[in-house]
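Student: have a look; sequence and predicted model below, questions after that.
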Amino acid sequence: MKRFLLDLANSLLVPAGVQLYRRGFDMKSGLKMIANRQPGLATIIDMGAARGHWSAMALSTFPQARVIGVDPLREREPYLAQLKAANPRYDYVLAAAGTEDGGDIEISVTADLDGSTVHGAEGERRMIPVRSIDGIVREKQATGPFFLKFDTHGFERPILEGAGDTLAQTSYIVMETYNFRHTPDTLLFHEMIELLAAKGFRVLRLADPMVRPSDQALWQVDLFFARTDNPIFASETYRG
(Lines give C-alpha, C1' and ligand atoms only; values in the text may rest on other atoms or scores of the structure.)
Protein backbone atom coordinates (compact mmCIF):
# COMPACT_ATOMS: atom_id res chain seq x y z
CA MET A 1 0.00 0.00 0.00
CA LYS A 2 2.80 2.45 0.89
CA ARG A 3 4.50 1.74 -2.45
CA PHE A 4 1.18 2.30 -4.26
CA LEU A 5 0.59 5.63 -2.51
CA LEU A 6 4.13 6.80 -3.28
CA ASP A 7 3.74 5.88 -6.95
CA LEU A 8 0.38 7.63 -7.09
CA ALA A 9 1.78 10.80 -5.53
CA ASN A 10 4.73 10.80 -7.93
CA SER A 11 2.43 10.39 -10.95
CA LEU A 12 0.46 13.45 -9.87
CA LEU A 13 3.64 15.49 -9.41
CA VAL A 14 5.26 14.62 -12.77
CA PRO A 15 3.90 17.73 -14.57
CA ALA A 16 5.59 19.92 -11.95
CA GLY A 17 8.93 18.15 -12.33
CA VAL A 18 8.86 17.06 -8.68
CA GLN A 19 9.31 13.60 -7.21
CA LEU A 20 8.83 12.16 -3.74
CA TYR A 21 11.15 9.59 -2.18
CA ARG A 22 10.82 6.95 0.45
CA ARG A 23 11.82 8.28 3.85
CA GLY A 24 15.60 8.16 4.15
CA PHE A 25 16.38 8.95 0.52
CA ASP A 26 16.43 12.72 1.02
CA MET A 27 19.36 14.96 1.91
CA LYS A 28 18.13 15.89 5.37
CA SER A 29 17.82 12.24 6.43
CA GLY A 30 21.40 11.63 5.32
CA LEU A 31 22.68 14.58 7.30
CA LYS A 32 20.79 13.47 10.39
CA MET A 33 22.29 9.99 10.13
CA ILE A 34 25.80 11.43 10.07
CA ALA A 35 25.05 13.83 12.93
CA ASN A 36 23.84 10.91 15.04
CA ARG A 37 26.93 8.84 14.28
CA GLN A 38 29.54 11.60 14.59
CA PRO A 39 28.26 14.65 16.45
CA GLY A 40 31.83 15.90 16.90
CA LEU A 41 32.41 17.06 13.33
CA ALA A 42 34.27 20.36 13.57
CA THR A 43 34.02 21.93 10.10
CA ILE A 44 31.65 21.48 7.18
CA ILE A 45 32.66 22.93 3.80
CA ASP A 46 29.78 23.62 1.43
CA MET A 47 31.12 23.85 -2.13
CA GLY A 48 28.50 25.26 -4.44
CA ALA A 49 26.82 27.11 -1.59
CA ALA A 50 24.40 29.00 -3.90
CA ARG A 51 21.92 30.89 -1.67
CA GLY A 52 23.06 29.04 1.45
CA HIS A 53 20.05 26.75 1.89
CA TRP A 54 22.20 23.62 2.33
CA SER A 55 24.55 25.53 4.65
CA ALA A 56 21.58 26.58 6.79
CA MET A 57 20.41 22.95 6.99
CA ALA A 58 23.91 21.88 8.04
CA LEU A 59 24.10 24.59 10.71
CA SER A 60 20.84 23.32 12.15
CA THR A 61 21.75 19.63 11.96
CA PHE A 62 25.28 20.02 13.36
CA PRO A 63 24.91 22.64 16.12
CA GLN A 64 28.57 22.46 17.19
CA ALA A 65 30.17 22.69 13.74
CA ARG A 66 31.47 25.62 11.74
CA VAL A 67 30.16 25.81 8.18
CA ILE A 68 32.15 27.48 5.39
CA GLY A 69 30.37 28.15 2.11
CA VAL A 70 32.29 28.38 -1.17
CA ASP A 71 30.61 29.79 -4.27
CA PRO A 72 31.96 31.48 -7.41
CA LEU A 73 29.07 33.82 -8.22
CA ARG A 74 28.86 37.41 -7.02
CA GLU A 75 25.08 37.14 -7.40
CA ARG A 76 25.07 34.72 -4.45
CA GLU A 77 27.01 36.94 -2.05
CA PRO A 78 24.04 38.88 -0.58
CA TYR A 79 22.46 35.61 0.56
CA LEU A 80 25.69 34.24 2.01
CA ALA A 81 26.47 37.53 3.74
CA GLN A 82 23.00 37.51 5.28
CA LEU A 83 23.54 33.98 6.61
CA LYS A 84 26.93 34.98 8.02
CA ALA A 85 25.40 37.98 9.79
CA ALA A 86 22.74 35.75 11.31
CA ASN A 87 24.98 32.92 12.50
CA PRO A 88 28.46 33.30 14.02
CA ARG A 89 29.34 29.72 13.02
CA TYR A 90 29.02 30.55 9.33
CA ASP A 91 31.55 32.06 6.96
CA TYR A 92 32.00 32.00 3.20
CA VAL A 93 34.52 32.47 0.40
CA LEU A 94 33.49 33.95 -2.94
CA ALA A 95 35.61 31.92 -5.36
CA ALA A 96 35.65 28.72 -7.35
CA ALA A 97 37.18 25.76 -5.58
CA GLY A 98 39.97 24.22 -7.63
CA THR A 99 43.46 22.79 -7.64
CA GLU A 100 45.42 26.03 -7.39
CA ASP A 101 45.20 28.41 -4.46
CA GLY A 102 45.19 31.73 -6.25
CA GLY A 103 44.80 33.10 -9.75
CA ASP A 104 41.68 33.10 -11.88
CA ILE A 105 39.65 30.55 -13.78
CA GLU A 106 36.96 30.88 -16.45
CA ILE A 107 33.44 29.72 -15.68
CA SER A 108 30.29 29.61 -17.76
CA VAL A 109 27.44 31.42 -15.98
CA THR A 110 24.00 30.22 -17.04
CA ALA A 111 20.91 32.44 -17.00
CA ASP A 112 19.41 30.54 -14.06
CA LEU A 113 22.83 30.55 -12.28
CA ASP A 114 22.27 26.97 -11.08
CA GLY A 115 23.94 25.37 -14.11
CA SER A 116 27.08 27.53 -13.92
CA THR A 117 30.34 25.60 -13.98
CA VAL A 118 33.94 25.56 -15.09
CA HIS A 119 34.25 24.49 -18.75
CA GLY A 120 30.48 24.53 -19.19
CA ALA A 121 29.02 24.57 -22.68
CA GLU A 122 26.43 27.28 -22.09
CA GLY A 123 26.28 30.74 -20.56
CA GLU A 124 28.24 33.94 -20.16
CA ARG A 125 32.01 33.50 -19.81
CA ARG A 126 33.43 35.08 -16.67
CA MET A 127 36.86 35.07 -14.98
CA ILE A 128 36.70 34.52 -11.24
CA PRO A 129 39.19 33.82 -8.41
CA VAL A 130 40.08 30.19 -7.74
CA ARG A 131 41.00 28.79 -4.31
CA SER A 132 42.05 25.36 -3.15
CA ILE A 133 40.19 23.78 -0.25
CA ASP A 134 43.50 23.35 1.60
CA GLY A 135 44.13 27.09 1.14
CA ILE A 136 40.68 28.00 2.42
CA VAL A 137 41.14 25.74 5.45
CA ARG A 138 44.43 27.46 6.27
CA GLU A 139 42.97 30.95 5.78
CA LYS A 140 39.95 30.26 7.98
CA GLN A 141 42.02 28.31 10.52
CA ALA A 142 39.49 25.51 10.23
CA THR A 143 40.06 22.22 12.01
CA GLY A 144 38.92 18.66 11.47
CA PRO A 145 37.20 16.34 11.46
CA PHE A 146 35.77 17.71 8.19
CA PHE A 147 32.61 17.00 6.20
CA LEU A 148 32.82 18.09 2.56
CA LYS A 149 29.80 18.80 0.35
CA PHE A 150 30.29 19.01 -3.44
CA ASP A 151 27.72 20.63 -5.72
CA THR A 152 30.34 21.57 -8.29
CA HIS A 153 28.88 20.43 -11.62
CA GLY A 154 31.63 18.17 -12.90
CA PHE A 155 34.69 19.98 -11.50
CA GLU A 156 35.16 17.57 -8.58
CA ARG A 157 38.47 15.97 -9.56
CA PRO A 158 40.45 19.25 -9.74
CA ILE A 159 38.95 20.28 -6.39
CA LEU A 160 39.99 16.98 -4.82
CA GLU A 161 43.53 17.53 -6.13
CA GLY A 162 43.66 20.77 -4.12
CA ALA A 163 42.27 19.21 -0.95
CA GLY A 164 44.83 16.54 -0.04
CA ASP A 165 45.60 17.80 3.47
CA THR A 166 41.91 18.37 4.21
CA LEU A 167 40.90 14.93 2.90
CA ALA A 168 43.30 13.33 5.36
CA GLN A 169 41.13 14.77 8.14
CA THR A 170 37.75 14.27 6.41
CA SER A 171 35.24 11.82 7.85
CA TYR A 172 32.37 12.25 5.36
CA ILE A 173 31.71 13.57 1.86
CA VAL A 174 28.42 14.17 0.07
CA MET A 175 28.78 14.75 -3.65
CA GLU A 176 26.46 15.40 -6.58
CA THR A 177 27.55 12.72 -9.06
CA TYR A 178 26.53 12.26 -12.68
CA ASN A 179 25.47 9.66 -15.21
CA PHE A 180 26.38 11.82 -18.23
CA ARG A 181 29.67 13.56 -19.02
CA HIS A 182 28.21 17.06 -19.34
CA THR A 183 31.60 18.83 -19.10
CA PRO A 184 35.09 17.69 -20.17
CA ASP A 185 36.02 17.35 -16.47
CA THR A 186 33.00 15.31 -15.37
CA LEU A 187 33.57 11.85 -13.94
CA LEU A 188 30.61 9.48 -14.19
CA PHE A 189 29.32 8.33 -10.84
CA HIS A 190 31.01 4.91 -11.01
CA GLU A 191 34.31 6.60 -11.91
CA MET A 192 33.95 8.92 -8.92
CA ILE A 193 33.30 5.96 -6.64
CA GLU A 194 36.53 4.38 -7.92
CA LEU A 195 38.51 7.62 -7.46
CA LEU A 196 37.30 8.14 -3.90
CA ALA A 197 37.94 4.49 -3.08
CA ALA A 198 41.58 5.10 -3.97
CA LYS A 199 41.52 8.02 -1.51
CA GLY A 200 40.12 5.89 1.30
CA PHE A 201 36.33 6.43 1.04
CA ARG A 202 33.38 4.21 0.16
CA VAL A 203 29.69 4.82 -0.51
CA LEU A 204 27.53 5.13 2.59
CA ARG A 205 24.11 6.01 1.13
CA LEU A 206 22.42 8.02 -1.62
CA ALA A 207 19.94 10.88 -1.79
CA ASP A 208 17.79 12.82 -4.23
CA PRO A 209 18.24 10.95 -7.54
CA MET A 210 17.25 13.08 -10.53
CA VAL A 211 16.18 11.87 -13.96
CA ARG A 212 16.58 13.68 -17.26
CA PRO A 213 13.18 15.08 -18.31
CA SER A 214 13.62 14.28 -22.00
CA ASP A 215 13.91 10.50 -21.55
CA GLN A 216 13.73 9.73 -17.79
CA ALA A 217 17.33 8.43 -17.72
CA LEU A 218 19.23 8.90 -14.48
CA TRP A 219 20.93 12.29 -14.65
CA GLN A 220 22.51 12.68 -11.22
CA VAL A 221 22.41 11.38 -7.66
CA ASP A 222 23.91 12.67 -4.41
CA LEU A 223 26.23 10.06 -2.90
CA PHE A 224 27.37 10.07 0.71
CA PHE A 225 30.86 8.67 1.34
CA ALA A 226 32.51 7.67 4.61
CA ARG A 227 36.07 6.63 5.32
CA THR A 228 36.68 2.95 4.70
CA ASP A 229 37.65 2.46 8.35
CA ASN A 230 34.32 3.86 9.58
CA PRO A 231 32.81 1.37 12.08
CA ILE A 232 29.62 1.21 10.02
CA PHE A 233 31.46 -0.97 7.49
CA ALA A 234 32.60 -3.49 10.12
CA SER A 235 29.56 -5.70 9.48
CA GLU A 236 28.82 -7.07 6.02
CA THR A 237 25.38 -8.44 6.97
CA TYR A 238 21.99 -6.91 6.16
CA ARG A 239 21.02 -6.45 9.81
CA GLY A 240 24.38 -4.88 10.71
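Tutor: That came through fine.
Student: run through the bridge partners of the most centrally placed residue in the chain.
Tutor: Centroid check for the chain by C-alpha atoms, centre = their mean gives residue 150 as the closest residue, at 2.7 Å. Beta-bridge partners recorded for residue 150 (DSSP bridges): residue 47, residue 175.
Student: these two touch, right, it and residue 175?
Tutor: Yes. Here residue 150 reaches residue 175: they are 4.0 Å apart, a contact under C-beta atoms under 8 Å. Heads up, the C-betas are built off the backbone N, CA and C, glycines and all.
Student: what touches both of these two?
Tutor: By the contact definition C-beta atoms under 8 Å, 6 or more residues apart in numbering, residue 150 and residue 175 are jointly contacted by residue 156.
Student: for stretch 78-86, buried residues please.
Tutor: Buried residues in stretch 78-86, counted by 16 or more other C-beta atoms under 10 Å: 79-80, 83-84.
Student: tally up the residues packed near residue 225, please.
Tutor: 25 (other C-beta atoms under 10 Å).
Student: contacts only, for it.
Tutor: Residue 225 neighbours (C-beta under 8 Å, 6+ apart): 172-175, 196, 201-204.
Student: what helix or strand is residue 177 located in?
Tutor: In the assignment (DSSP states H and E), residue 177 maps to strand 170-178.
Student: so what touches that strand?
Tutor: 27, 30, 34, 38, 41, 48, 144-154, 156, 186-189, 192-193, 196, 201, 204, 207, 219-227, 230.
Student: next one: phi and psi at residue 204?
Tutor: With angles defined as degrees, to the nearest 10, residue 204 sits at phi -100, psi -40.
Student: one more: residue 45?
Tutor: According to degrees, to the nearest 10, residue 45 has phi -110, psi 120.
Student: what do you get for the one 5 residues further on?
Tutor: Phi and psi for residue 50, reported as degrees, to the nearest 10, are phi 50, psi -120.
Student: that one contacts residue 75, doesn't it?
Tutor: No. In this structure residue 50 lies outside contact range of residue 75 using C-beta under 8 Å: 9.7 Å.
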